[in-house]
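Asker: With the input below, show me the fold.
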Amino acid sequence: MRFLHAFYLTPRLFQVLVGLVLLFVLGYFLPVLDGVGRALLAGLVAAAVLDAWLLFRVKDGVEAGRSMPERLSNGDENPITINLTNGYAYALRATVLDELPFQFQIRDARHVVEIPAGGARQVSYSVRPVARGAYSFGALNVYASSPIGLVSRRYRFEVGRSVPVYPSYLQMRKYELLAVSNRLEEAGVKRIRRIGHTMEFDQIREYVVGDDYRTVNWKATARRGGLMVNQFQDERSQPVYCLLDMGRVMKMPFEGMTLLDHSINAALVFANIALLKQDRAGLVAFSKEITAALPALRQRAQIYRMQETLYNLRTDFYESDYARLVAHLRRYVRRRSLLILFTNFETRSSLERQLPSLRALAGSHVLVVVFFENTELRGLLEAPVRDVEGVYLQTIAEKFAFEKREIVKELARYGIHAVLTPPADLSINTINKYLELKARGMI
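Answerer: The predicted structure follows:
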């Protein structure tokens, strides 16, 4: 029975059989062809038996396995490599069928590769998950064919492997490397000129040309007999909180991912940059209730706590309770902090419902509201108009785009900073706003 489960006929064999059938049909009219057909059929059967013997006489003729990360990064291309080894004394033609998780909706992950005798080959491809959670990979099927190519033998490996999909740690590492090497400008992060200087003392050093003469330390100068200046550094250990709205407004999709997943990826990147800047990063996720909360800490392990917390967050279709958020922050966040609120407002009326709560937060903290530009509307606005219906559609699109800009102005009236951004530029624009506020000494 195991032999039958692993035994398969190849397309080449079916093509030969179709040719033989046509030959037998012609043999009905030309008897000489009937004899030729019988001889060819006997040879075909003998060749198929020989082919099966060559494939099944070796117990473990093929070895295969997936090489992939222990966890996948949400919204990114994750590489997967299949390593194949040929244990036969002849070259193989292998067809690899990988049973991918149902979330990818890919049913034709087929790869054909030639493996030399006693050699090895690799098959590489990538997958892009668009939702967090556990992804279950099925079996790795390898259909091996000998040079005769009439039958194939199926091998099955790695049945039932589960891999978690976490918020985009690849994006987080990318920005971390750029920040450490002082190359954030390459990713689009602006270099912002500092206004004045902070008063957090760092060290006393010798004067060099270009130093501000107002920072000269006269006592140290008198002791050393040469000009010495005070060096200051950015204010550190400032509390920075990412506030994630998990209500129904964040279920809107963009490039296969919800706005919530885009916000979670950006929050992880932003929190990591804040920790690299020696600030303290925290998290509050809310909807109808406070779903998750992490106090702002400066420890390096904080980023791993945030990853585990964000991995398990699930949105719902409730209206978010901003009053409950205000009450939670008043109780647990006493020190003036930078609050980065990831949410979405489509109309001014939706903003006005939450404006009292936002003003209450801005009264005690530095509040930045990050919401999303509808990129589908941008495409509609830029499309040429050819009929009356197009005029109506473009007018409605302009109305919604205008309301987005009005929301930014309305928030500014109450001292609330706003970032209106396309989902694709969410991380960059959030980091730019954070660095701008630090440069202005507001945190």
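Asker: what are the ranges of the helices in the stretch 1-150 of the chain?
Answerer: Assigned by DSSP state H, counting those that start in this stretch, the stretch 1-150 of the chain shows helices spanning 2-6, 11-27, 31-56.
Asker: can you redo these as TSV with mean pLDDT?
Answerer: Shown next, in TSV, are those (pLDDT from 0 to 100):
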stretch	mean pLDDT
helix 2-6	55
helix 11-27	82
helix 31-56	86
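Asker: Ile340 is nearest to which of those helices?
Answerer: With Cβ to Cβ as the measure, helix 2-6 is the member of the helices of the stretch 1-150 of the chain nearest Ile340 (55.9 Å). C-beta: built from backbone N, CA, C; applies to glycine.
Asker: For Thr221, find the nearest of the helices of the stretch 1-150 of the chain.
Answerer: For the helices of the stretch 1-150 of the chain, proximity to Thr221 was assessed by Cβ to Cβ; helix 2-6 is nearest, at 86.0 Å.
Asker: For the residue positioned nearest the centre of the chain, which non-adjacent residue is spatially closest?
Answerer: Geometric centre of the chain, nearest residue: Gly75, 2.4 Å, by Cα atoms, centre = their mean. Among residues not flanking Gly75 along the chain, Ser168 sits closest, at 5.1 Å (Cβ to Cβ, 6 or more residues apart in numbering).
Asker: Any idea how many residues pack against that neighbour?
Answerer: Number of residues near Ser168 (other Cβ atoms under 10 Å) recorded here: 26.
Asker: which residues does it contact?
Answerer: Applying Cβ atoms under 8 Å, 6 or more residues apart in numbering to Ser168 gives the contacts 73-76, 265, 268-269.
Asker: Can I have the buried ones of the residues you listed as a ChimeraX selection?
Answerer: Of the contacts of Ser168, the buried ones go into a single ChimeraX selection, burial set by 16 or more other Cβ atoms under 10 Å:
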select :73,74,75,76,265,268,269
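Asker: Export the contacts of Ser168 as CSV, with columns for distance to Glu382.
Answerer: Listed next are those as CSV, based on distance: Cβ to Cβ, whole Å:
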residue, distance to Glu382
Ser73, 32
Asn74, 30
Gly75, 25
Asp76, 28
Asn265, 27
Leu268, 32
Val269, 29
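Asker: Nearest to Leu22 among the contacts of Ser168?
Answerer: Asp76 (52.0 Å).
Asker: Would you mind confirming that that closest one is in contact with Leu170?
Answerer: Yes. With contacts counted by Cβ atoms under 8 Å, Asp76 reaches Leu170, the gap being 4.5 Å.
Asker: Need the residues touching each of the two.
Answerer: Jointly contacting Asp76 and Leu170 under the rule Cβ under 8 Å, 6+ apart is no residue at all.
Asker: Show me the domain layout of the chain.
Answerer: 1-166, 169-193+235-439, 200-233 (automatic domain parsing).
Asker: Got phi/psi on the residue nearest to the centre of the chain?
Answerer: Gly75 adopts backbone torsions of phi 80, psi 0, taken as degrees, to the nearest 10.
Asker: so what pLDDT did it get?
Answerer: As predicted, Gly75 sits at a pLDDT of 92.
Asker: before we move on, what about the one 5 residues further on?
Answerer: At Ile80 the predicted local distance difference test score is 94.
Asker: The nearest residue to it once chain neighbours are set aside and Ala144, how far apart?
Answerer: In space, Ile80 comes closest to Met68 once its chain neighbours are excluded; the distance is 4.6 Å by Cβ to Cβ, 6+ apart. Distance check for Met68 against Ala144: by Cβ to Cβ, to the nearest Å, it reads 22 Å.
Asker: ok, now Thr343?
Answerer: Shown here: Thr343 relative to Ala144, a distance of 54 Å by Cβ to Cβ.
Asker: what's near enough to touch Glu406?
Answerer: Counting by Cβ under 8 Å, 6+ apart, Glu406 makes contact with Arg348.
Asker: any idea how far it is from Tyr241?
Answerer: 27 Å.
Asker: With Pro101 instead?
Answerer: 34 Å.
Asker: cool, and Arg335?
Answerer: 11 Å.
Asker: neighbour-wise, which of these two wins?
Answerer: Shown here are Arg335 and Tyr241; by other Cβ under 10 Å, Tyr241 has more neighbours (25 against 10).
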